[in-house]
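Trainee: predicted structure and sequence below. I'll ask about it afterward.
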Amino acid sequence: MPNMRRAHLSDHHTIVGCVQRWWGDSRTPEQARELSLLLPKLFLQFFSHTSLVQEDDTGITAFLVGFYATDNQHEAYIHFVGVDPRLRGQGVARTLYEEFFRRAAETGRREVRAITAPTNTGSIAFHRAMGFELEKGDLEIEGLPVHRDYDGPGQDRVCFHRKLTVAPV
């Protein structure tokens, strides 16, 4: 039976290894390693309290790295989510997102944001299915609003936001 818990700094090495293994089926080893660089240790050093891990007796089977905005008390951001390929399509990512939404709403957050590459059609479909809306961009690619150079030159992104129902205090 899977267990969901708050992430810990000690999970970092394992999560990086998961990214490299789990994305190894769709990328070269070098591309999978580069993808894992999106998860430097600082994310779990400073945002473990808002990040989630699912595990079972085999180890980590899914994770969500997210945090709450420090510049305002209204927003949260989901940075990276990974699910073991054996469990994809079984609602694991949905469960992680819903738990993140619940916890964020409990702290008064009213909106969650996320981004993805315009070529990541699976991520775009997932976020739309989870109730995210696409933000207006400065470019349109195949009907998608895109933010040109969002993550640097040539690093265009689709940006999402989703309103939360804030829990009564």
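Mentor: Done, it's in.

Trainee: show me where the chain has its helices.
Mentor: All helices of the chain, identified by DSSP state H, fall at 12-22, 29-36, 42-47, 92-106, 121-129.

Trainee: for these, give me a markdown table that also has distance to Asp84.
Mentor: No exception for glycine: its C-beta is placed from N, CA and C like everyone else's. A markdown table is the format used below for these (distance: least, C-beta to C-beta, whole Å):
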| stretch | distance to Asp84 |
| --- | --- |
| helix 12-22 | 6 |
| helix 29-36 | 14 |
| helix 42-47 | 19 |
| helix 92-106 | 8 |
| helix 121-129 | 16 |
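
Trainee: as JSON lines, those with mean neighbour count would be great.
Mentor: Below are those laid out as JSON lines (neighbours: other C-beta atoms under 10 Å):
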{"stretch": "helix 12-22", "mean neighbour count": "18"}
{"stretch": "helix 29-36", "mean neighbour count": "14"}
{"stretch": "helix 42-47", "mean neighbour count": "16"}
{"stretch": "helix 92-106", "mean neighbour count": "18"}
{"stretch": "helix 121-129", "mean neighbour count": "14"}
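
Trainee: which residues touch Ser48?
Mentor: Counting by C-beta atoms under 8 Å, 6 or more residues apart in numbering, Ser48 touches Arg6, Ala7, His8, Leu9, Asp11.

Trainee: actually Gln20, sorry about that
Mentor: Pro29, Ala32, Arg33, Leu35, Ser36.

Trainee: and Val81, how many residues sit next to it?
Mentor: 19 (other C-beta atoms under 10 Å).

Trainee: touching the helix or strand bottoming out on mean pLDDT in the chain from outside, list them.
Mentor: Least confident helix or strand of the chain, by mean pLDDT, DSSP states H and E, is helix 29-36 with a mean of 88. Helix 29-36 has contacts (C-beta under 8 Å, 6+ apart) with Val16, Val19, Gln20, Arg21, Trp23, Gly24, Arg27.

Trainee: at 7 Å what do you get?
Mentor: For helix 29-36, contacts defined as C-beta atoms under 7 Å, 6 or more residues apart in numbering pick out Val16, Val19, Gln20, Trp23, Gly24, Arg27.

Trainee: then stretch 158-165?
Mentor: Stretch 158-165 is touched from outside by 101, 104-105, 109-116, 118, 124, 127, 130-135, 144, 146-147, with contacts defined as C-beta under 7 Å, 6+ apart.

Trainee: from Asn120, how far off is the nearest residue to Glu133 once chain neighbours are set aside?
Mentor: In space, and not counting its chain neighbours, Glu133 is closest to His161: 5.9 Å by C-beta to C-beta, 6 or more residues apart in numbering. In this view, His161 and Asn120 are 17 Å apart by C-beta to C-beta, to the nearest Å.
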